[in-house]
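Asker: my questions are about this predicted structure, shown below with the sequence.
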Amino acid sequence: MAVSRDRASDIAISALIFLARDLERFGRFLTLTGLGPDELAESAASPDFQGAVLSYLLDDESLLLVFAAEAGIAPAEIGPASLALFEAGGDEW
């Protein structure tokens with residue numbers, strides 16, 4: 001399943017919002033990335049960072065399934081979206 005760069009970016013931003021809506025989830029994500037709120041705002045538009053957000057979900061199947069259900073996205077679309085973003089990026093963040 002191919003996913004366009006724009007579609008992949010939309011999915012990643014939705015995933016980041018999903019994480020941010022739950023303080024415990026978001027705290028875990030921030031701890032893992034080592035980013036603070038200022039760095040997060042600067043990194044959010046980076047394709048590599050967006051790909052990392054989706055990779056984070058891919059590493060936790062239960063979290064991935066909750067996100068996909070809430071966002072109305074097929075779980076199988078997340079992996080190709082992550083790849084599309086990493087291919088578009090250049091290790092920017």
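Answerer: Cool, got the structure.
Asker: name the helix or strand of the chain that has the lowest mean pLDDT.
Answerer: helix 37-43 (a mean of 83; mean pLDDT, DSSP states H and E).
Asker: does anything pack onto the very next helix or strand once past it? Which helices or strands?
Answerer: Downstream of helix 37-43, the first helix or strand assigned by DSSP states H and E is helix 47-58. Secondary-structure packing of helix 47-58 (3 or more Cβ pairs under 8 Å, 6 or more residues apart in numbering; DSSP states H and E): helix 5-20, helix 23-33, helix 61-71, helix 78-88. Every C-beta, even on glycine, is put in place using the N, C-alpha and C of the backbone.
Asker: reformat the ones you listed as a markdown table; add distance to Pro47.
Answerer: Formatted as a markdown table, those follow (distance: least, Cβ to Cβ, whole Å):
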| stretch | distance to Pro47 |
| --- | --- |
| helix 5-20 | 7 |
| helix 23-33 | 15 |
| helix 61-71 | 19 |
| helix 78-88 | 4 |
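Asker: highest mean neighbour count out of those?
Answerer: Comparing the helices and strands packed on helix 47-58 by mean neighbour count (mean count of other Cβ atoms under 10 Å), helix 78-88 comes out on top with a mean of 20.
Asker: sorry, back to before: can you redo the helices and strands packed on helix 47-58 as CSV with mean pLDDT and distance to Gln50?
Answerer: Shown next, in CSV, are these (pLDDT from 0 to 100; distance: least, Cβ to Cβ, whole Å):
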stretch, mean pLDDT, distance to Gln50
helix 5-20, 96, 3
helix 23-33, 91, 12
helix 61-71, 97, 14
helix 78-88, 93, 5
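Asker: among the ones you listed, which is nearest Val53?
Answerer: Closest approach to Val53 among the helices and strands packed on helix 47-58 (Cβ to Cβ): helix 5-20, 5.0 Å.
Asker: that concludes my questions; thank you for your assistance.
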